[in-house]
Structure formats: C-alpha cells, structure tokens
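Asker: got a predicted structure here, sequence first:
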Amino acid sequence: MNDETVKKIVITSATVIVGYTLRQLAQKKWKDVYDEEPPASHTSEEINWKKVIIWSLITGTVISTAELATKRYLTLKLDV
C-alpha cells in the first residue's frame, strides 16, 4: 500500500469516527434535555416539527461541518 492510500484511509477513518462520536453525543444530550429519544423517521401523526427541525440542524449542520473540518485539517496536515 502506498503512502497516499494510507493517508486517505487515515483521513476517512478519522472523519467517520468524528461523525459517529458527535452523533452519539448529540443523542445523549437530546435525551438529557428532552427526556426522550431524538426524532426518528416514523409515520406518527403527532410529529413535533420544532424538535424535528432542531434535531436536523444539530445532526445535519453541526456534525457535517465537524466532519468537513476534520477532513480538511488532516488533508492539510498530511499533505494528501
């Protein structure tokens, strides 16, 4: 395996770990704040749209930004 491949594997692995860890943290904090599971895809008629939007912002924006920052930082540091 060449150096470029190893660097890409390291970057991808770190990005996945950051995303997974932040999602787990977000789920735990959500349970602490709302005393319930985060919104999931279900067909219930009683959807609290405010909570769905908040959860979407947390998991979509914050976690995606952290993953992108991780990937960018490691790419620059490892000179891929």
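Answerer: Yes, it's here. Owing to the predicted nature of the structure, the values given are computational and were not obtained by experimental measurement.
Asker: mind checking pLDDT for Ser41?
Answerer: We have a pLDDT of 69 for Ser41.
Asker: roughly how far is stretch 3-17 from the heart of the chain?
Answerer: 17 Å (C-alpha atoms, centre = their mean, to the nearest Å).
Asker: list the contacts of the least confident helix or strand in the chain by mean pLDDT.
Answerer: Least confident helix or strand, the chain: helix 49-56 with a mean of 91, by mean pLDDT, DSSP states H and E. Residues outside helix 49-56 that contact it (C-beta atoms under 8 Å, 6 or more residues apart in numbering): Trp30, Tyr34, Pro38, Pro39. C-betas here are computed from N, CA, C, even on glycine.
Asker: by contact count, what packs against the longest helix along the chain?
Answerer: Looking across the chain with DSSP state H, the single longest helix is helix 3-34. Packed against helix 3-34, as judged by 3 or more C-beta pairs under 8 Å, 6 or more residues apart in numbering; DSSP states H and E, are the following elements: helix 63-78.
Asker: same for the helix it packs on, what does it pack against?
Answerer: helix 3-34.
Asker: taking helix 63-78 as reference, get the angle to the helix it packs on.
Answerer: Going by axes from the mean of the first three to the mean of the last three C-alpha atoms, to 10 degrees, helix 3-34 is angled at 150 degrees with respect to helix 63-78.
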